[in-house]
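> okay, here's the prediction I keep looking at, along with the sequence it came from:
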Amino acid sequence: MSTKTAMSNQPNSKSINGKNLVLLNKSATLKKIKKHWQLHLLIFIPLVFLITFKYVPMAGVVIAFKDYSVVKGIAGSDWVGLKYFEYFFNSPNFALLIKNTLGLSIYGLIVGFICPIILALALNEVQNARFKKFAQTLTYAPYFISTVIMVSIIILFLSPSAGLLNNILGLFGIEANNFLGNPSYFKSIYVWSDVWQNAGYATIIYLAALAGVDTQLYEAAKVDGANRLQKIINVDIPGILPIIIVLLILNIGTIMSLGFEKIYLLQNPLNINSSEVISTYVYKIGLLGANFSFASAVGLFNSIVNFILIISANTISKKFSSSSLW
Amino acid sequence: MKTMANTRIKDSMIDRIFVGAIYVFLVLVLLAVLYPLIYIVSASFSSPSAVTSGRVWLLPVNPTILGYTSIFKNPQIIQGFSNSLFYTVVGTFISVSITIMLAYPLSRKTFYGSKLIMFLLVFTMIFDGGLIPLYLVVKNLNLIDTIWALLLPSALAVFQVIIARAFFQSTIPDELVEASEMDGCSDIGFIFKVVLPLAKPIIAVLVLMYAVMKWNMYFDALIYLKSEELFPLQIILRSILILNTDTSANIQEMLKMQGLKELMKYSLIVVSSIPVLVLYPFVQKHFVKGMLIGSVKG
């Protein structure tokens, strides 16, 4: 935005004389812009993308406070205040949606956050370079599988008829079970399949941090007679703690915005009681049910909670440690 | 350096047991990752009856390529495949171009307004307008049910911009820019003559990251597209693999071919993952690099 207005002012820059300080500053700014006008021109196109697809939708959230009708458009629709928010808070789905969303994401956050750290610490102890490389290459691979394929694999493996898991359980004389049809298994299926797919890839960042730990600390640990486990606890973990905290803050900020795709694809009528979360609900109400205002209100509620969470996580982290996002 | 420090530590009995336990743990992890992948490939080459009766354990049983031949007879899959190739190639080109156009100016200290624009970028990572307002924007631009709906709204990924900016900051020193300015080189000239040739590693990272993203993209197609002839592969995969609706076969044929359908699912998983897997050896190296540029310096 600033680029646009600044550029249109450009021809005037010569006529401005440094008669007072404000004008002087202004002309200095314009000079800077003029000097690099090509870069400002270059940045214009991506800025159009940013504004159109990120900031215009942010302004579009006003429909959460309106009775949006396609005929009247966003500006012409009537204001209804917090009607849709009240409607959502009082709806019978509210408690269930919050419970499922928080349950899934906190479970996922804890497991999905700890597993890569353990894996990275273990990989870091491997001294056989070939084995280490092989382990890394193999564990990164599932990351590149698409969500649709991932869910298909889950469904095929958990199928009550000739699914791999039931075949294996059959060897131990355990009867076939429709895992995806049982609401109580849903969270674990979601979280652990995520670990299978993403834990390896997530180790990259920790392994890099571990490689950067000061070697003198290992020497000192050796002199103190520390064993390997003590070395991990007293040198490795403190060494990667700052990066752990930064990633934790980022993850906390997305607690309410669970990946829509995977949950939506894993849903079926039998597990819906534990698999309906805010994002899938917004999609169904808003796009399938064409209730734009209500869905926007639910979505906005979601965004605001996320925003508060990330800000608080960052503030707390700033207070108790030196690591923070900003 | 670190491994050297490690080897100098004389392993005590406890340490040796500990290291042994770590190797056992890692071997178990590797088996857990590898076994499902091997099983899928083996199942895709087995006979339909072996798959439906659960006789496949590790290697293909009664090997056939029936699953694969039936995929290539399905016009929907072929079309989805070619559509996805198109979206991936064109979408990646657009995304990489605008990412660099945004990241390079932001990497220059002398660029006026870079702080504000950086703030605007990072802010979108912690707050967004939500699904419905974005859908309405796309709708008002008349992009619904056009190829542009898959190419434009998701074109700019903020994380990628931050990675690219960090790369430019560390590889293109200010002295180089100043020197070229002294020589009377324009900013655009400098970008083509100096920046882009030096940016090959980051371009590779961006191409790979965006290409994987676009090839795997599913949600945008689900909400923006209605016409079947525009569907990318992921949507076709969903209807065949997850919803179990294959419109191309009639019911009698389907009953007769129930086993073949199960087999085809495994083959389809393999085939649709091939484009990404072919890239994987390159991808891995560059992804690691990209992740590190983004996290350590950004």
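Alright, I've got the coordinates.
> residue contacts, residue B:109?
Residue B:109 makes contact with residue B:174, according to Cβ atoms under 8 Å, 6 or more residues apart in numbering or on different chains. Placement of C-beta: from N, CA and C, glycine included.
> backbone dihedrals for it, please?
Dihedral pair for residue B:109: phi -60, psi -30, per degrees, to the nearest 10.
> now the one 10 residues further on
When quoted as degrees, to the nearest 10, the phi and psi of residue B:119 stand at phi -60, psi -40.
> how close does residue B:261 get to residue B:70?
Counting by Cβ to Cβ, to the nearest Å, the gap between residue B:261 and residue B:70 amounts to 9 Å.
> could you do residue A:43 as well?
50 Å.
> neighbour count: these two, which is higher?
Comparing residue A:43 with residue B:70 by other Cβ atoms under 10 Å in any protein chain shown, the one with more neighbours is residue A:43, at 24 against 19.
> quick check, pLDDT for the more buried one.
Per-residue pLDDT puts residue A:43 at 91.
> same deal with the one 4 residues further on?
According to the prediction, residue A:47 has pLDDT 94.
> surely it touches residue B:106?
No: because the distance of 10.8 Å does not satisfy Cβ atoms under 8 Å, residue A:47 is recorded as not touching residue B:106.
> what about residue B:170, how many residues close to it?
There are 11 residues near residue B:170, going by other Cβ under 10 Å.
> could you list the low-pLDDT ranges of the chain?
Chain wasn't specified; assuming chain A. Low-confidence segments of chain A, defined by pLDDT under 70: A:1-26, A:257-258, A:322-326.
> correction: the question concerned chain B.
Ranges of chain B meeting pLDDT under 70: B:1-11, B:245-257, B:283, B:287, B:290-291, B:293-298.
> hmm, 80 instead?
Within chain B, the segments meeting pLDDT under 80 span B:1-12, B:53, B:243-259, B:277-298.
> report how many residues lie close to residue B:236.
25.
> which residues touch it?
B:76, B:77, B:79, B:80.
> so which of the residues you listed is the most crowded?
Neighbour-wise, those (other Cβ under 10 Å) top out at residue B:80, 25 neighbours.
> any residue of the particular helix or strand that has that residue in it touching chain A?
Assigned by DSSP states H and E, residue B:80 belongs to helix B:75-107. Yes: counting by Cβ under 8 Å from any Cβ of the partner chain, contacts between helix B:75-107 and chain A involve B:98, B:99, B:101, B:102, B:104, B:105, B:106.
> Throw those residues into CSV and include distance to residue A:166 and neighbour count, thanks.
As requested, the residues of helix B:75-107 next to chain A are exported to CSV (distance: Cβ to Cβ, whole Å; neighbours: other Cβ atoms under 10 Å in any protein chain shown):
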residue, distance to residue A:166, neighbour count
B:98, 48, 23
B:99, 46, 27
B:101, 52, 22
B:102, 50, 26
B:104, 54, 24
B:105, 57, 27
B:106, 53, 23
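> of the residues you listed, which is the nearest to residue A:119?
The nearest member of these to residue A:119, counting by Cβ to Cβ, is residue B:99 at 30.6 Å.
> surely the closest one is in contact with residue B:161?
Yes: assessed by Cβ under 8 Å, residue B:99 is found in contact with residue B:161 at 5.5 Å.
> intersection of neighbour lists for the two?
In contact with both residue B:99 and residue B:161: residue A:46, using Cβ under 8 Å, 6+ apart.
> ramachandran coordinates for the most centrally placed residue in chain B?
What sits nearest the mean C-alpha location of chain B, by Cα atoms, centre = their mean, is residue B:212, with 2.0 Å. Per-residue torsions, residue B:212: phi -60, psi -40 (degrees, to the nearest 10).
> again with residue A:172
Dihedral angles (degrees, to the nearest 10) for residue A:172: phi -100, psi 10.
> state the number of residues packed around it.
6.
> separation between it and chain B?
Going from residue A:172 to chain B by Cβ to the nearest Cβ, to the nearest Å gives 14 Å.
> show me what contacts that residue?
Not one residue lies near residue A:172 by Cβ under 8 Å, 6+ apart.
> helices of the stretch 151-300 of chain A, start to end?
In the stretch 151-300 of chain A, the segments counted as helices under DSSP state H, counting those that start in this stretch are A:164-171, A:183-211, A:215-223, A:228-231, A:237-253, A:260-266, A:272-275, A:278-282, A:292-320.
> which of the ones you listed is buried the deepest?
When you average the neighbours per residue for each of the helices of the stretch 151-300 of chain A (mean count of other Cβ atoms under 10 Å in any protein chain shown), helix A:278-282 leads with a mean of 24.
> do that helix and chain B come into contact?
Yes: shown here: helix A:278-282 in contact with chain B (Cβ under 8 Å from any Cβ) through A:279, A:282.
> report the distance from that helix to the chain centre.
Distance of helix A:278-282 from the chain centroid (Cα atoms, centre = their mean, to the nearest Å) equals 16 Å.
> ok, stretch B:205-218 next?
4 Å.
> contacts for that stretch?
A:144-148, A:261, B:84, B:87-88, B:91-92, B:95-96, B:99-100, B:150, B:154, B:157, B:160, B:163-164, B:232-235, B:238, B:275-276, B:279, B:282-283, B:286-287, B:289-290, B:293.
> longest helix anywhere in chain B?
As assigned by DSSP state H, the longest helix anywhere in chain B is helix B:258-292.
> buried residues, that helix. List them.
Using 16 or more other Cβ atoms under 10 Å in any protein chain shown as the test for burial, helix B:258-292 gives B:259-273, B:275-276, B:279-280, B:283-284, B:286-292.
> please apply the same query to stretch B:30-48.
B:30, B:33, B:36-37, B:39-48.
> among the residues you listed, name the ones in helices.
Counting by DSSP H, the part of the buried residues of stretch B:30-48 found in helices is B:30, B:33, B:36, B:37, B:39, B:40, B:41, B:42, B:43, B:44, B:48.
> okay, the residues you listed in TSV with distance to chain A next?
Converted to TSV, those look like this (distance: Cβ to the nearest Cβ, whole Å):
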residue	distance to chain A
B:30	6
B:33	6
B:36	7
B:37	7
B:39	6
B:40	7
B:41	12
B:42	11
B:43	8
B:44	11
B:48	11
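> now the buried residues of stretch B:30-48 in a markdown table, with distance to residue A:207?
A markdown table is the format used below for those (distance: Cβ to Cβ, whole Å):
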| residue | distance to residue A:207 |
| --- | --- |
| B:30 | 16 |
| B:33 | 17 |
| B:36 | 24 |
| B:37 | 22 |
| B:39 | 28 |
| B:40 | 28 |
| B:41 | 28 |
| B:42 | 31 |
| B:43 | 33 |
| B:44 | 33 |
| B:45 | 35 |
| B:46 | 37 |
| B:47 | 43 |
| B:48 | 43 |
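> longest helix of chain A, counting residues only.
The residue-count maximum for a helix in chain A (DSSP H) belongs to helix A:93-125.
> helices and strands around that helix, which ones?
helix A:129-140, helix A:183-211, helix A:237-253, helix A:272-275, helix A:278-282, helix B:13-44 (3 or more Cβ pairs under 8 Å, 6 or more residues apart in numbering or on different chains; DSSP states H and E).
> what's the closest of the ones you listed to residue A:290?
Nearest to residue A:290, of the helices and strands packed on helix A:93-125 and by Cβ to Cβ, is helix A:278-282 at 12.6 Å.
> fine, thanks again, bye for now.
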